[in-house]
Every structure is written in C-alpha cells, then in structure tokens.
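what's the 3D shape of this:
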Amino acid sequence: MKDETMNDLTLLGNQNVQYPTTYDTSVLETFDNSHREMDYMVKFNCPEFTTLCPMTNQPDFATIYISYIPDIKMVESKSLKLYLFSYRNHGGFHESAVNMIMKDLIELMDPKYIEVWGKFTPRGGISIDPYANYGKPGTKFEKMAEKRLFEHDMYPEKIDNR
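Numbers count the residues shown, from 1 in each chain. Here you go, the predicted structure:
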C-alpha cells in the first residue's frame, strides 16, 4: 500500500534501474519522516563500498557506517545504495569519501544529527578509518556532535574533558 508521502520515490520497486558509473548525487531520494515528534537513530551498514585511489587507480574497499537522527526528511535506502555504488569508479582519498557522503546527506535531508564512519580494508599493513559527524546548529545535537567526535570508538579514551 503506497501512501502519498512516497509519491516522489522512483527507484524503490523499479526493476529497470540504471546503475550509475560515476559519482552521482542525483540518484538520492527522500521521504517524509512520519515520527518527527521523536528523536531516534537510523543506521545503515554498507559492507561493500568501493572507491578508487586517486593516485594508483586501484580499488579501495570499506564498510561505511551511516547513522543519523532525522528531522523532516529521510533517505530512501535503495537510492542510498545506488549513490554509494556511484563511488565505484570515483577517485578520492578515504577521508574525502567519508566527508563527501556526509555533506551530500546533510544537503539532501538536513538531519538533526549525522555521523559517517569508513572502515577501510588495510593496505600495506595500515588501515584508515575516517569518521565525520555533524549536529544541526543551535540544537542539542550540535553539542552532541562535538562531544561524540572525541568519544568515538576509534579513540580509546577522550582527548579532552569536555
């Protein structure tokens, strides 16, 4: 049963979807958050993320973790999969990919809070796990983002006492 909040979704259930071959934000779609009165977390774990090293053009593999507290809009999951797939032939450093994903989702949804963490497969004996977050300015989530950055799992202890 399709309600009117889903009228703008074109990818979900579409069997003729074309997979993007280059980085493409236009595939992202949203729907209305039907529980705006509540603060709750939505989490995506994307274990098959691939992007290209901008120097060697070799593939880099990662699991991308996206967690957000929605405000008015939410990202539709199939469109998110297609968007992440569009990185497959995109050259960029790990840190850049994580920040681009977060910025694109902020622009798309304007969430109350979002964090994106990339757990990249080690290369040459070293792994890179960039983490980025954002809390909507002027809300309790702005402080949450600041605090969470220093309490994130990649740090064994807090960097300062905030």
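
helices or strands up against the lengthiest helix in the chain?
Taking DSSP state H as the criterion, the chain has its longest helix at helix 94-109. For helix 94-109, the packing partners by 3 or more CB pairs under 8 Å, 6 or more residues apart in numbering; DSSP states H and E come out as strand 42-52, strand 59-69, strand 73-75, strand 113-120, strand 131-135. C-betas here are computed from N, CA, C, even on glycine.

Compare the ones you listed and give me the one nearest residue 20.
strand 42-52 (13.1 Å; CB to CB).

What lies in contact with that closest one?
With contacts defined as CB atoms under 8 Å, 6 or more residues apart in numbering, strand 42-52 is touched by 58-70, 74, 77, 80-81, 84, 87-92, 94, 97, 118.

can I have it written out in CSV, keeping just the CAs?
Extracted in CSV, the C-alpha atoms of strand 42-52 (Å, rounded to 0.1, in the frame of the first residue of the first chain):
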residue,chain,number,x,y,z
VAL,A,42,18.6,5.3,11.7
LYS,A,43,21.6,3.2,10.9
PHE,A,44,23.0,1.9,7.6
ASN,A,45,25.9,-0.5,7.4
CYS,A,46,27.2,-0.7,3.9
PRO,A,47,29.9,-3.5,3.8
GLU,A,48,30.5,-3.4,0.0
PHE,A,49,31.7,0.1,-0.5
THR,A,50,34.3,0.6,-3.2
THR,A,51,36.2,3.7,-4.4
LEU,A,52,39.4,4.2,-6.4
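
residues of it that come out buried?
44, 46, 49, 51, 52 (16 or more other CB atoms under 10 Å).

Might you calculate how far it sits from the centre of the chain?
Relative to its chain's centre, strand 42-52 lies at 8 Å (CA atoms, centre = their mean, to the nearest Å).
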